[in-house]
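>>> Predicted model and sequence below, questions to follow.
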Amino acid sequence: MSFLQYLKDVRGELRHVSWPTQTQTIIYTVLVVILSLLTAAYLGFFDYVFTTGLSRIVEVLPERTPDSFFTSDLAPDALIVPGEEAVTDVSSEDSADE
């Protein structure tokens, strides 16, 4: 089958297509625009509700910086053993055991 024959066949098939009228095209275009706007409003509404709700929840939570989760009142080199006091100078204990 040659390319020219293919184009002739396509043209013949396009003659059998039932094309919409101008009125139908306008109506369907308006319908698509209206449904698109309604969908955008629907999604925008829920986006606003969830964003506002989440921001109010975040306002209620106490303020903590990410660094404050890992800091404490102890010295940075303190060794914490459950049931005992915090030991700040580990090197002196190691040398006493030897």
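Noted; the coordinates are in hand.

>>> where along the protein do the helices fall?
3-15, 22-60, 90-97 (DSSP state H).

>>> Redo the ones you listed as CSV? Include mean pLDDT and mean neighbour count.
Glycine gets a C-beta too; all of them are placed from N, C-alpha and C. Shown next, in CSV, are the helices of the chain (pLDDT from 0 to 100; neighbours: other Cβ atoms under 10 Å):
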stretch, mean pLDDT, mean neighbour count
helix 3-15, 93, 9
helix 22-60, 95, 10
helix 90-97, 54, 8
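
>>> neighbours of Ser2, just the number please.
7 (other Cβ atoms under 10 Å).

>>> Next up, the contacts around it.
If you count contacts by Cβ atoms under 8 Å, 6 or more residues apart in numbering, Ser2 has none.

>>> Pull up the gap between it and Val10, please.
In this view, Ser2 and Val10 are 13 Å apart by Cβ to Cβ, to the nearest Å.

>>> swap in Ile26?
27 Å.

>>> And for stretch 21-31, what's in contact with it?
Everything outside stretch 21-31 that qualifies as a contact, by Cβ under 8 Å, 6+ apart, is Pro20.

>>> just the CA coordinates of it, formatted as CSV?
What follows is stretch 21-31, C-alpha atoms only, in CSV (Å, rounded to 0.1, in the frame of the first residue of the first chain):
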residue,chain,number,x,y,z
THR,A,21,-23.1,20.8,14.1
GLN,A,22,-21.9,24.3,15.1
THR,A,23,-24.6,24.5,17.7
GLN,A,24,-23.5,21.2,19.3
THR,A,25,-19.9,22.3,19.3
ILE,A,26,-20.7,25.5,21.1
ILE,A,27,-22.9,23.7,23.6
TYR,A,28,-20.3,21.1,24.4
THR,A,29,-17.6,23.7,24.6
VAL,A,30,-19.6,25.8,27.1
LEU,A,31,-20.4,22.6,29.1
